[in-house]
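Enquirer: Take this sequence and fold it.
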Amino acid sequence: MTYCVAVRVNAGLVLLSDTRTNAGVDNIGRFRKTFTYESPGERAVAIMCSGNLSVTQEVKTTLSRAIKDNLEGVECETILNCRTLHRAAQIVGDTMKSVQSRMQQKLGMASTSLSSNMILCGQRKNGKLRLYLIYSDGNFIEATADTPFFQIGEHKYGKPILDRIIHPDTSLEDAAKAVCVSMDSTLRSNLSVGMPLDLTVISKDDLSFRLRRRIYPDDEEFGRISAQWGETLRRGFESLPSVLD
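Expert: Residues are numbered from 1 along each chain as shown. From the prediction side, this is the model:
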């Protein structure tokens, strides 16, 4: 399974994803689910994936191939040279539908077995921070001030902390802590989500990646966040008034 979360605040974007995939209790693998694309000083874009792994890998390969072809002189539209990030979301959605269609025709697979979701976010020069959730059908929605984060995969365990903490004025530092707590809650409640994790941060108007960091099971900082959050919850629970008095 998968858990990916992306947050857009006024100060930038924060993304966190796990790496576990499984097709049964005895077939567990690790695959990166966050991919970054950068044109320094012009654009920084990140994509997160969940769902059918063969679909998302083919989509990523197709997008990367177009970027490489463009650099080698082949004129083509890519997520790094298209006019807007909205157009980039369209390109990703159209690519996903094309990949799914080919697989259906070639393999006779049901559309439900090819289901995939993706998150695209970033910023281009003279543009705003953008965050899109792209559905399996290729259509998409954009994050707003009222809905400043998106999740894909096993989202239910990690949503409460985001609902309580994340708003447009949240700092990047607090947003990063919030996604770590969100992931920690999911890791504790769902065995299909697992380490290592990939943390990615884009600061507003930097047009580059402030942070691209892999978090391993023995990461001391993530461990302190997990332990302190657990202790804070226990103390808060113990201080609650009784409902039996």
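
Enquirer: Would you mind listing the buried residues in the one helix or strand residue 180 maps to?
Expert: Using DSSP states H and E, residue 180 maps to helix 172-189. Buried residues in helix 172-189, counted by 16 or more other C-beta atoms under 10 Å: 172, 174-187. Bear in mind the C-beta positions are built from the backbone N, C-alpha and C, glycine included.

Enquirer: Quick one: list the elements packing against it.
Expert: strand 3-9, strand 12-17, helix 159-165, strand 197-203, helix 220-238 (3 or more C-beta pairs under 8 Å, 6 or more residues apart in numbering; DSSP states H and E).

Enquirer: and the longest one with helix 172-189, angle?
Expert: Relative orientation of helix 220-238 versus helix 172-189 (axes from the mean of the first three to the mean of the last three C-alpha atoms, to 10 degrees): 80 degrees.

Enquirer: tell me which residues of helix 220-238 are tucked away?
Expert: The neighbour-count check on helix 220-238 (16+ other C-beta under 10 Å) flags 222, 225-226, 229 as buried.

Enquirer: just to revisit the earlier point, contact partners of the helix holding residue 180?
Expert: Helix 172-189 is contacted by residues 3, 5, 7, 9, 11-12, 14-16, 18, 154, 157-162, 165-166, 170, 193-195, 197, 199, 201, 203, 210, 222, 225-226, 229 when judged by C-beta atoms under 8 Å, 6 or more residues apart in numbering.

Enquirer: and the residues you listed, which are buried?
Expert: Here, 16+ other C-beta under 10 Å leaves 3, 5, 7, 9, 11-12, 14-16, 18, 154, 157-158, 161-162, 165-166, 170, 193-195, 197, 199, 201, 203, 222, 225-226, 229 buried among those.

Enquirer: so residue 142 touches residue 128, yeah?
Expert: No - between residue 142 and residue 128 there is no contact under C-beta atoms under 8 Å: 10.3 Å.

Enquirer: Fine by me, thanks again.
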